[in-house]
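# no letters, just coordinates:
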């Protein structure tokens with residue numbers, strides 16, 4: 001049976017000292033964060049969120065931003081930039097009259113429940129079954 005290049009170049013099993021493992025473990029944990037050489041488009045826009053919002057505050061619109069990004073080697077679309085910028089912002093809670101109306105409606109239902117009569121009269125019971133077609137003999 002012929003050996004492949006992968007099996008020929010693989011090192012033989014070796015023993016490793018506990019000291020070497022401990023030192024290597026400490027060294028790996030102490031490594032600083034390695035900067036990314038490349039990012040996804042989403043990561044890039046997320047990284048540029050502040051500067052994009054700053055440019056927009058100065059009067060630039062999404063079309064202008066997309067054009068600038070493309071000139072700098074980041075091809076994208078207005079829709080993508082809008083989506084990624086909005087994904088990083090927490091959703092805003094809009095206060096409207098609907099919430100207040102809902103609360104007041106709930107309060108009126110609770111008032112009706114508390115104003116119900118204290119005594120409860122159960123409905124009359126059904127008459128006892130008599131002999132007949134369904135009753136048997």
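Arrived safely, thanks for sending. Fair warning: this is a prediction, and the values are worked out from it, not measured in the lab.

# residue 66 - how many residues pack around it?
By the criterion of other Cβ atoms under 10 Å, residue 66 has 19 neighbours. C-beta coordinates here come from the backbone N, C-alpha and C atoms, glycine included.

# what kind of secondary structure is it in?
For residue 66, the secondary-structure state derived from DSSP: H, G, I helix; E, B strand; the rest coil is helix.

# now do the contacts for the closest residue to it other than its chain neighbours.
With sequence-adjacent residues excluded and distances taken as Cβ to Cβ, 6 or more residues apart in numbering, residue 66 is closest to residue 78, at 5.4 Å. By Cβ atoms under 8 Å, 6 or more residues apart in numbering, the contact list for residue 78 reads 62, 63, 66.

# what of residue 64?
If a contact means Cβ under 8 Å, 6+ apart, then residue 64 has residue 55 as its contacts.

# show me the shaky parts of this structure.
The chain contains residues with pLDDT under 70 at 1-8, 89-124, 126-137.

# where do the helices sit along it?
Along the chain, counting by DSSP state H, helices occupy 5-9, 18-29, 41-47, 49-57, 62-71, 78-88, 97-114.

# got the buried residues for the fourth one?
Of the residues in helix 49-57, those buried by neighbour count under the rule 16 or more other Cβ atoms under 10 Å are 49, 52.

# show me what stretch 41-54 is in contact with.
Against stretch 41-54 from outside (Cβ under 8 Å, 6+ apart): 36, 39, 65, 69, 74, 76, 80, 81, 84, 85, 87, 88.

# give me the number of residues near the residue nearest to the second one when sequence neighbours are not counted?
Spatially, and ignoring its direct neighbours in sequence, residue 39 is nearest to residue 47 (6.8 Å; Cβ to Cβ, 6+ apart). A count of neighbours around residue 47, defined by other Cβ under 10 Å, yields 12.

# and residue 87, by the same measure?
Residue 87 - counted by other Cβ under 10 Å - has 11 other residues nearby.

# how far away is it from residue 18?
Between residue 87 and residue 18 the computed distance is 47 Å (Cβ to Cβ, to the nearest Å).

# residue 47 now?
Taking Cβ to Cβ, one finds residue 47 at 42 Å from residue 18.
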